[in-house]
Every structure is written in C-alpha cells, then in structure tokens.
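Asks: Here is a sequence with its predicted model. Questions after.
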Amino acid sequence: MPVNQEPFEEEQPRPRPAAGAFMILAIILFWSILIASVSDTVTRWPALVQLVFYMVAGIVWILPLRPILRWSETGRWRADPPQP
C-alpha cells in the first residue's frame, strides 16, 4: 500500500436520499389522486381546455422536486446565496 493512501473505509448509507425518494413518490401519488379526482369535471370542458389543463398538471408536480433533491443531497432546503 502506498504511504499516502489510507485504507478503504466503507461508507454508511445515508437516510436522506431514501427519505427524499419517498417524498417524491408521495408527491406523485398525491398529485395523481388529485388529478384523477377532478377528471369527471375536466371531461366536460372543451378539448383544447382539457389539453391545456393536463399539460399544466403534468408539469406542475415537478416544481417541488428541486428543493427535495437539494435536501436529499446537501441537507439544506435552500440554495446558498451567490457570493459577490
């Protein structure tokens, strides 16, 4: 073994990534149930309005993912402010 190299230490699994994955799955489940619950009302709308609704609904659930992913990687909910 080279002089400057320390023996390999096995890293312990961190709970934050698993918790973050669980939160993401919970958001997806909640959002899909919410959208499915309003589908009877949405089907009465004109086709173009339905299209816009489902396009927006298909994108909006992504918005809370960035803070969750940041937290699961760093342990902080907010990004550090830019340094001058």
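Replies: That came through, no problem.
Asks: Count the residues that sit near Ser72.
Replies: For Ser72, the count of nearby residues is 19 (other C-beta atoms under 10 Å). C-betas here are computed from N, CA, C, even on glycine.
Asks: repeat for Leu51
Replies: Look at Leu51: counted by other C-beta under 10 Å, it has 11 neighbours.
Asks: State the distance from it to Ala57.
Replies: According to C-beta to C-beta, to the nearest Å, Leu51 and Ala57 sit 11 Å apart.
Asks: Kindly report the same for Pro64.
Replies: With distances taken as C-beta to C-beta, Pro64 is found 14 Å from Ala57.
Asks: what about the longest helix in the protein?
Replies: Using DSSP state H, we find that the single longest helix of the chain is helix 15-37.
Asks: by contact count, what packs against the helix or strand following it?
Replies: Downstream of helix 15-37, the next assigned helix or strand under DSSP states H and E is helix 39-42. With contacts taken as 3 or more C-beta pairs under 8 Å, 6 or more residues apart in numbering; DSSP states H and E, helix 39-42 sits against helix 47-60.
Asks: Point out where this protein drops to low pLDDT.
Replies: 1-10 (pLDDT under 70).
Asks: how about the residue positioned nearest the centre of it, phi and psi?
Replies: The centroid of the chain falls nearest to Leu65 when counting by C-alpha atoms, centre = their mean (2.7 Å). The phi/psi pair for Leu65 (degrees, to the nearest 10) reads phi -70, psi -40.
Asks: Nearest residue to it in space, please, no chain neighbours.
Replies: Take Leu65 and drop its neighbours on the chain: the residue closest to it by C-beta to C-beta, 6 or more residues apart in numbering is Ile24, 6.3 Å away.
Asks: Check which helix or strand the residue nearest to Ala19 when sequence neighbours are not counted maps to.
Replies: Excluding the flanking residues, the one nearest Ala19 by C-beta to C-beta, 6+ apart is Ser72, at 6.9 Å. Assigning secondary structure by DSSP H and E places Ser72 in helix 65-74.
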